[in-house]
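Asks: Sequence and predicted structure below; questions after.
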Amino acid sequence: MGSFETRAINLFALALWAWILAGFVFCLYSWFLYLVGALGGVTLYELLALTLIVAPLFILFSVATFPKINIDRDGVLLRYGFTSMFFPFDEVRIEVRRSVLRLGAGTGLVNWYAPLRRKGCMEVAEKMIGVYPAKVPRGVSSTFYLYLLPVPILFLVEQFLKRLGTVLNPIVWSLLWGIVTASSLMMFTHKAPVKMEIWKLDKAGSSILFGALIGIVIFLFRALAAG
């Protein structure tokens, strides 16, 4: 039997994507007002900085919210642009009246996806799950989530220093947030059980580039908010 491919909606990321979409529309509307001379009090530099923050976030969350699902005789391949994850059939569940695929059952990477070609996708998934015997579940360790801890720790440190009345330069805080976020995401994506390829880079290079880009966005966002 051949493979089946469809675009799906990541239900976990959908609500956040809606907020990012609203911000992107606001950014476009701000450009319209600026071009017709009706946006007072905002400089071109500030508008460009806002665009550099919102546009990459919109692209990133759009890719994460609408991935491709490919089903073949080996399992389900989930593709997020330059990243992909593979799930054997013992980690696939069909839920919510045969309208949602639950991928990652039995691991620490569970998420729910609503395929756009629902009927065909569910028919193929049910057939493949029934025909091919379940494999031994993967031993996926969730310790890679620990690499995200520096971000909430930095937040707690910032709040603690504020309560003590210690004030650092906003640019210093922006730089700290950018560095910590970039470092955490680099290690997290490098250790996570996902395949990541940006352009022709290997997983290590792709993780570094991905973390650095997000770190720059966070730095610009904090610096713009503080300014």
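Replies: Yes, it's here.

Asks: Okay, now the unreliable bits of the protein?
Replies: Residue ranges of the chain with pLDDT under 70: 1-2, 105-109, 131-142, 227.

Asks: From Lys195, how far off is the residue sitting nearest the centre point of the chain?
Replies: The centre of the chain sits closest to Ala64, judged by CA atoms, centre = their mean, with a distance of 5.0 Å. Distance, Ala64 to Lys195, using CB to CB, to the nearest Å: 15 Å. (Glycine included, C-beta is placed from N, CA and C.)

Asks: May I ask which helix or strand encompasses Leu201?
Replies: Following DSSP states H and E, there is no helix or strand that holds Leu201.

Asks: Which helix or strand contains the residue of the chain most remote from its centre?
Replies: The centre of the chain is farthest from one residue, Gly37, which by CA atoms, centre = their mean lies 35.7 Å away. Per DSSP H and E, Gly37 falls between elements, in no helix or strand.

Asks: distance of it from Leu50?
Replies: Per CB to CB, Gly37 is found 18 Å from Leu50.

Asks: Now the longest strand along the chain - C-alpha only, PDB.
Replies: Secondary structure of the chain per DSSP state E: the longest strand is strand 4-10. Extracted in PDB, the C-alpha atoms of strand 4-10 (Å, rounded to 0.1, in the frame of the first residue of the first chain):
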ATOM      1  CA  PHE A   4      -0.800   8.900   2.300                       C
ATOM      2  CA  GLU A   5       0.000  12.600   2.900                       C
ATOM      3  CA  THR A   6      -2.100  15.500   4.200                       C
ATOM      4  CA  ARG A   7      -1.700  18.800   5.900                       C
ATOM      5  CA  ALA A   8      -2.900  18.800   9.500                       C
ATOM      6  CA  ILE A   9      -3.700  21.300  12.300                       C
ATOM      7  CA  ASN A  10      -1.700  21.100  15.500                       C
END
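
Asks: Which is the succeeding secondary structure element to that strand?
Replies: Past strand 4-10, the next helix or strand by DSSP H and E is helix 11-35.

Asks: what's next to that following helix, contact-wise?
Replies: For helix 11-35, the external contacting residues (CB atoms under 8 Å, 6 or more residues apart in numbering) are 39, 42, 44, 47, 50-51, 54-55, 57-58, 61-62, 64-65, 100, 111-114.

Asks: what's the following helix or strand after it?
Replies: helix 44-65.

Asks: now for that next one, which elements pack on it?
Replies: Applying 3 or more CB pairs under 8 Å, 6 or more residues apart in numbering; DSSP states H and E, one finds that helix 44-65 makes contact with strand 4-10, helix 11-35, helix 203-226.

Asks: How about whichever helix or strand comes after that helix, which residues are buried there?
Replies: Elements were assigned by DSSP H and E; along the chain past helix 44-65, the next helix or strand is strand 68-71. The neighbour-count check on strand 68-71 (16 or more other CB atoms under 10 Å) flags Ile69, Ile71 as buried.

Asks: Go ahead and measure how far strand 68-71 is from the middle of the chain.
Replies: How far strand 68-71 lies from its chain's middle: 18 Å, per CA atoms, centre = their mean, to the nearest Å.

Asks: Okay, now the sheet partners of it, with direction.
Replies: Using DSSP bridges, strand 68-71 pairs in its sheet with strand 4-10 (antiparallel), strand 76-80 (antiparallel).

Asks: Just name the most buried of those.
Replies: Stretch with highest mean neighbour count among these: strand 76-80 (a mean of 20; mean count of other CB atoms under 10 Å).
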